[in-house]
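Student: Output the structure for:
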Amino acid sequence: MNTFMAATDKITELAFEWKNSCVNVDDAEEEHEVEQVQLPQQEQESTVETSDQPIPTIILKSTSGDIIPSSTTFCLPIEEKGVKRLLNRVITQTQNRRLGALSRLLLLALKELKMKHELRITRSGIFVTKHELKTLNIDSYSIRKIYITPCNILYEGPFRDEDYRKLTNASDSMINLYEYIKSVLIRGIIICDRRYEFLAFSSSQLRDHSTWMFATNARSNRTNAFITATDIRRWMGNFSESRPVSKYAARLGQSFSTTVEGVEIEKGSFHRIEDEKSRNGDYFTDGIGISSLRLNKELAVQLKLDRVPSAFQIRFAGSKGMICLDVANKIPENSGIDLLIRPSMEKFSSLNQSIGIVRSSASPSPAFLNRQIILLLSSLGVSNHIFYEIQENMLKKISNITKNPSAAQELLREFIESGSNSGCHSFMIECFKRFGTKIDPFLKQMVICFQAFLLKELRTKARIFVKDGACLLGVIDETRTLNYGQIFIQIEAHKKSQSRIIQGQVIVTKNPCFHPGDIRLLTAVDVPALHQLKNVIVFPMKGYQPHTSEISGSDLDGDCYFVSWDKQLLFSSNERPLNYHDQGLEAQQQALLNPEVQITINDVCEFFGEYIAADNLGLIANSHLSFADQLPERARAEKCIQLAHMHSIAVDFAKNGIRAPRLTKELRPVTYPHYMEKNDKPQYISTTILGQLYDRVQDHQRDLNEENYEQYNNLINTFPYEKFHIDGKDDYLEDAYIIKQEYDRELRRIMRQYGIKRESELISGYILRLMNKKYNKESKMFELRQEISHAVRFVRDKYIKLFWNDFYNREQIEQEVCENKTENSQDLLKRITWKNQLDLAKINNIVSDNTKDEMDDEIYKKASAWFSATYDEQMNSRENRQKKKQKPEHFGNDKRRDLSTGLKLKTFRCDFSMTKLRYLGPEIAPAEVKSDPKTTSAVNNY
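Tutor: From the prediction side, this is the model:
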């Protein structure tokens with residue numbers, strides 16, 4: 001029945017095209033197709049009795065016409081009138097249409113569904129849906145594949161999970177698989193003449209079940225010795241004191257953290273000080289040290305920051321954690337000491353004395369609610385209509401970014417503070433400043449991608465922006481001024497000199513949070529002694545236990561805390577926190593077992609396999625969300641408390657080796673709320689606040705799609721392309737077409753590699769979905785965006801350089817700067833880029849005014865040629881597009897449609913981002929625009 005329904009849906013979709021293309025086809029030519037596929041017929045003899053009347057059921061028939069035995073099928077009652085109407089419509093159409101045409105149409109529909117993996121074929125040739133395949137327990141075979149390339153043979157399969165996700169159905173039958181994984185890691189992988197050995201894995205790799213392998217280097221080093229994986233681990237540090245094996249593996253992975261190289265610390269410049277303990281035995285200072293102002297300034301220079309941050313997350317000589325500016329004067333003046341390290345920061349011994357910077361507190365990150373926080377706050381008594389109102393405000397802002405330039409700039413600035421896509425945001429803000437709503441079609445696409453990305457995050461994660469909030473790194477009050485229950489927060493926004501000290505009640509939590517006690521209600525106070533600390537949350541060094549250990553069992557080694565002073569989100573009183581202290585004691589006892597046993601790398605490989613077998617973090621989180629949605633006590637329900645405890649154990653398994661209990665049948669939900677979008681599992685329509693928020697976003701998306709489609713069509717039809725035409729551009733036009741083709745090829749290569757649909761997604765960094773399933777993993781999306789952004793930046797810089805090379809080259813400017821030996825020549829060299837080099841040269845009297853003016857004329861001619869080459873197709877086919885207007889396409893959960901913008905892919909068939917390179921030219925001041933007639937026609941009149 002499900003197969004038939006899927007096929008009829010596809011027939012309905014293809015019917016309009018089929019009507020015109022197949023009306024005169026002779027049935028006899030493809031008579032064999034009629035025999036291969038038959039429409040399932042309704043059997044009247046089999047019924048299901050109900051209180052009202054018999055409800056007909058559907059019995060599937062095989063390709064030979066025989067009824068499939070009931071032992072391998074199930075009867076699906078047709079209870080909905082809509083299904084009855086659909087069946088009647090199809091049967092009526094069958095009676096009025098030649099069988100051959102309908103047969104071919106059905107074959108085409110089945111083929112489409114099979115290609116999209118919505119249908120499977122069993123060994124007997126029966127079409128079934130994925131859900132039926134699981135329900136009927138029909139065996140299917142996995143096919144092994146190899147891909148032969150000019151330089152390699154790629155092996156794939158047998159692979160059961162077509163989405164390339166982690167295998168999660170852990171059972172006893174999987175033990176052999178895990179044992180095989182261990183054996184492969186231990187003995188290594190031989191490819192041609194190389195043997196790849198296990199090296200190590202980072203914490204993020206472990207969560208994704210991946211690791212580093214290293215082949216002995218064929219090239220010798222200075223001592224003419226080969227470099228092995230063992231040599232690399234020995235160079236990383238001494239891990240012999242790390243216990244148990246889980247902690248040993250974590251220490252190895254510490255060296256794989258992504259850091260920016262900081263400064264080299266001399267041996268006498270850092271000292272060791274003791275940790276501060278609370279009454280219950282937890283450390284107030286777990287993972288945090290102290291730094292001097294001089295060191296902070298040096299680190300700020302390395303990060304190229306305009307101001308000096310109060311705190312840094314670092315890696316240094318086997319230590320990891322936070323360092324915070326010394327406001328308690330614990331570093332003696334003129335002592336030459338710049339760094340104080342605590343024992344809780346020390347993980348292993350290493351001779352490397354260079355500081356690696358993970359991140360800083362230079363600016364606050366924006367605060368967002370999510371499903372976990374909303375559930376907990378709702379369980380603690382916060383009214384549901386408050387979340388609805390906050391989301392409505394965000395939806396209004398999202399809608400306005402395509403209508404109101406000021407609103408768009410404001411939202412972009414709010415998101416630029418997170419540090420992600422800041423270059424793209426700055427570019428869009430500058431364009432909105434100059435041109436208002438009259439932006440070009442490609443920039444419009446980028447804005448729509450930004451809009452669609454925010455909507456997707458709202459729909460799938462309930463990621464709602466909180467204006468009165470921030471995400472801040474945690475530090476400790478070294479002055480001991482704050483009392484238990486108090487915190488200090490001073491916010492200094494991005495590129496703003498004024499700061500604001502938060503006072504009053506605030507809520508603080510850390511993701512992930514599952515227990516009602518993970519969200520704390522604290523009081524923010526003003527402490528003059530802490531005024532030097534900005535964009536951090538300062539916790540007190542007083543109380544029975546640290547606040548950090550109350551909040552999801554966190555510490556101060558770099559954890560980021562969600563903080564909000566929005567009065568609407570405050571609740572009456574704190575819940576008793578989950579006891580994370582006992583878990584820490586159990587881990588310490590585990591570390592003391594068998595201290596005489598030496599841990600080997602084979603033990604680490606064994607642990608890797610055990611982690612894969614025991615990894616149930618996702619299952620626990622999904623079960624918690626489902627039960628919290630269904631049970632009346634919400635997150636306070638006994639099952640949810642039990643799952644919260646299990647999740648905290650599972651999170652720490654990678655560090656302490658204590659695995660969480662396996663989920664019992666009672667802790668596995670039978671059904672899931674519809675907003676979780678688990679289409680392969682039974683669902684129900686949730687009426688909770690999360691269900692309401694989800695449904696509201698769905699409705700908003702549909703409305704916004706129609707609006708965006710109309711706006712975009714109007715823009716491409718009315719955009720004043722001719723305003724960018726400058727006399728003399730034809731001199732550069734032929735080369736521009738050639739360069740445009742090369743530029744398109746390079747971008748499309750990146751798009752094919754990662755499976756990116758649109759160039760606007762690629763350039764903006766707001767990638768909505770990766771069609772390549774190997775890359776389409778939510779857990780790796782942030783790293784992938786960084787990787788893709790780097791690839792795009794490389795291509796962009798290459799063509800910016802190509803644009804400017806016709807006029808002058810950077811090497812020549814640098815040489816002339818050095819020859820002139822200006823007072824600030826070194827500083828000038830650092831500031832020279834492909835965009836501003838001519839302006840800087842003019843300022844420093846390296847290039848004359850006349851020379852620059854002549855170059856400017858040619859620059860604008862070439863920019864106009866590049867613009868024409870980019871939008872040539874749009875300009876020539878404007879009339880055709882007006883005649884062939886396409887209807888807007890809504891997007892929802894249907895994977896066959898675009899989930900992002902609602903615009904058909906044909907709309908984006910051209911590559912436009914080369915025009916962005918045109919905007920990256922020399923800055924044009926308003927006075928210059930008015931005085932230059934050429935730039936007036938190209939920019940001002942635009």
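
Student: Count the neighbours of Phe719 for me.
Tutor: The number of residues packed near Phe719 is 20, by other Cβ atoms under 10 Å. (C-beta placed from N, C-alpha, C; glycine too.)

Student: can you pull the contacts of it?
Tutor: Contact partners of Phe719, counting by Cβ atoms under 8 Å, 6 or more residues apart in numbering, are 438, 440-441, 874.

Student: Now it: phi and psi?
Tutor: When read as degrees, to the nearest 10, the backbone of Phe719 gives phi -60, psi 130.

Student: Quick check, pLDDT for it.
Tutor: According to the per-residue confidence, Phe719 scores 77 in pLDDT.

Student: again with Asn2
Tutor: pLDDT, Asn2: 50.

Student: do the same with Glu596
Tutor: Glu596 is assigned 72 on the pLDDT scale.

Student: packing partners for the longest strand that the chain contains?
Tutor: Among all segments of the chain classified by DSSP state E, the strand with the greatest residue count is strand 464-476. Strand 464-476 sits against strand 311-316, strand 319-325, strand 365-369, helix 384-400, strand 486-492, strand 536-539, strand 560-564, with contacts defined as 3 or more Cβ pairs under 8 Å, 6 or more residues apart in numbering; DSSP states H and E.

Student: Which member of the contacts of Phe719 is positioned nearest Ser426?
Tutor: For the contacts of Phe719, the minimum distance to Ser426 (Cβ to Cβ) is 17.2 Å, reached by Asp440.

Student: buried residues in the biggest helix by length in the chain?
Tutor: Scanning the chain for the longest helix, with DSSP state H as the assignment, gives helix 689-718. By neighbour count with 16 or more other Cβ atoms under 10 Å, helix 689-718 contains the buried residues 689-698, 700-701, 704-705, 708-709, 712-713, 715-716.

Student: doesn't Ala367 make contact with Phe465?
Tutor: Yes. With contact taken as Cβ atoms under 8 Å, Phe465 and Ala367 are classed as touching, separated by 7.5 Å.

Student: What score does Asn334 have for pLDDT?
Tutor: With respect to pLDDT, Asn334 has a value of 85.

Student: likewise the one 3 residues further on?
Tutor: If you check Ile337, the pLDDT there is 93.

Student: Spit out the contact partners of it.
Tutor: Residues counted as contacts of Ile337 (Cβ under 8 Å, 6+ apart) are 268-271, 292, 331.

Student: Which of the contacts of Phe719 has the largest number of neighbours?
Tutor: If you rank these by neighbour count (other Cβ under 10 Å), Asp440 sits at the top with 25 neighbours.

Student: ok, that one to Tyr871 distance?
Tutor: Here the criterion is Cβ to Cβ, to the nearest Å. By it, Asp440 lies 8 Å from Tyr871.

Student: same deal with Tyr561?
Tutor: Distance of Tyr561 to Tyr871, given as Cβ to Cβ: 47 Å.

Student: Leu482: neighbouring residues, count only.
Tutor: For Leu482, the count of nearby residues is 24 (other Cβ under 10 Å).

Student: ok, now Ile314?
Tutor: Counted with other Cβ under 10 Å, the neighbours of Ile314 add up to 26.

Student: How is this protein divided into domains?
Tutor: For the chain, the domain assignment from automatic domain parsing gives the residue ranges 2-136, 581-686, 718-940.

Student: what about the second one, start to end distance?
Tutor: Distances were taken as Cα to Cα, to the nearest Å; on that basis the terminal residues of domain 581-686 are 36 Å apart.

Student: shouldn't Cys736 be in contact with Ala863?
Tutor: Not quite, residue 736 is Ala, not Cys. No. With contact defined as Cβ under 8 Å, Ala736 does not count as touching Ala863 (9.7 Å).

Student: ok, back up a step: so for Tyr561 and Tyr871, which sits in the more crowded spot?
Tutor: The residue with more neighbours, out of Tyr561 and Tyr871 and counting by other Cβ under 10 Å, is Tyr561; that gives 25 against 21.

Student: Provide a list of residues in contact with the more buried one.
Tutor: Under the contact definition (Cβ under 8 Å, 6+ apart), the residues listed for Tyr561 are 471-474, 508-510, 537, 551, 554.

Student: and those, which two are the farthest apart?
Tutor: By the measure Cβ to Cβ, the contacts of Tyr561 have their two most distant members at Leu473 and Thr509, which lie 14.6 Å apart.

Student: Look at these two and report which has more neighbours.
Tutor: Shown here are Leu473 and Thr509; by other Cβ under 10 Å, Leu473 has more neighbours (25 against 21).

Student: Tell me what the more buried one is bridged to.
Tutor: Partner residues in beta bridges with Leu473, using DSSP bridges, are Val536, Cys560.

Student: Look up how far Ala736 lies from it.
Tutor: Taking Cβ to Cβ as the criterion, Leu473 is separated from Ala736 by 47 Å.

Student: now Arg413
Tutor: Arg413 sits at a distance of 34 Å from Ala736 (criterion: Cβ to Cβ).

Student: which one of those two has more residues nearby?
Tutor: Comparing Arg413 with Ala736 by neighbour count (other Cβ under 10 Å), the higher total belongs to Ala736, at 24 against 15.

Student: Next one: the more buried one, what pLDDT does it get?
Tutor: On pLDDT, Ala736 comes in at 92.

Student: Assumed it was part of a helix.
Tutor: Yes. Residue state for Ala736 (DSSP: H, G, I helix; E, B strand; the rest coil) corresponds to a helix.

Student: quick one: it from Phe442, how far?
Tutor: In this structure, Ala736 and Phe442 are separated by 16 Å, where distance is defined by Cβ to Cβ.

Student: Tell me the backbone dihedrals of Leu443, please.
Tutor: phi -60, psi -30.

Student: go on, Lys277?
Tutor: Comment: the main-chain dihedrals of Lys277 come out as phi -100, psi 150, following degrees, to the nearest 10.

Student: Tell me if I'm right that Thr671 and Pro682 touch.
Tutor: Yes. A contact is recorded between Thr671 and Pro682 when judged using Cβ under 8 Å, the distance being 4.5 Å.

Student: How many residues are close by Val301?
Tutor: 12.

Student: OK, contacts around it?
Tutor: Val301 sits in contact with no residue, where contact means Cβ under 8 Å, 6+ apart.

Student: Check which helix or strand it maps to.
Tutor: Secondary-structure element containing Val301, defined by DSSP states H and E: helix 293-302.

Student: How about Leu454?
Tutor: Secondary structure here is read from DSSP H and E; on that basis Leu454 sits in helix 441-461.

Student: From the contact counts, what lies against that helix?
Tutor: With contacts defined as 3+ Cβ pairs under 8 Å, 6+ apart, the packing partners of helix 441-461 are helix 384-400, helix 422-435, helix 689-718, helix 759-764, helix 914-919.

Student: of all those helices, which lies closest to Ile288?
Tutor: With Cβ to Cβ as the measure, helix 422-435 is the member of the helices and strands packed on helix 441-461 nearest Ile288 (27.4 Å).

Student: same for the closest one, what does it pack against?
Tutor: When contacts are defined as 3+ Cβ pairs under 8 Å, 6+ apart, helix 422-435 packs onto helix 405-416, helix 441-461, helix 914-919.

Student: So which of these is nearest Leu206?
Tutor: With distances scored as Cβ to Cβ, the stretch of those nearest to Leu206 is helix 441-461 (23.2 Å).

Student: List the buried residues in the closest one.
Tutor: The neighbour-count criterion (16+ other Cβ under 10 Å) identifies 441-460 as the buried residues of helix 441-461.

Student: What of stretch 761-773?
Tutor: Result for stretch 761-773 [16+ other Cβ under 10 Å]: buried residues 761-768, 770.
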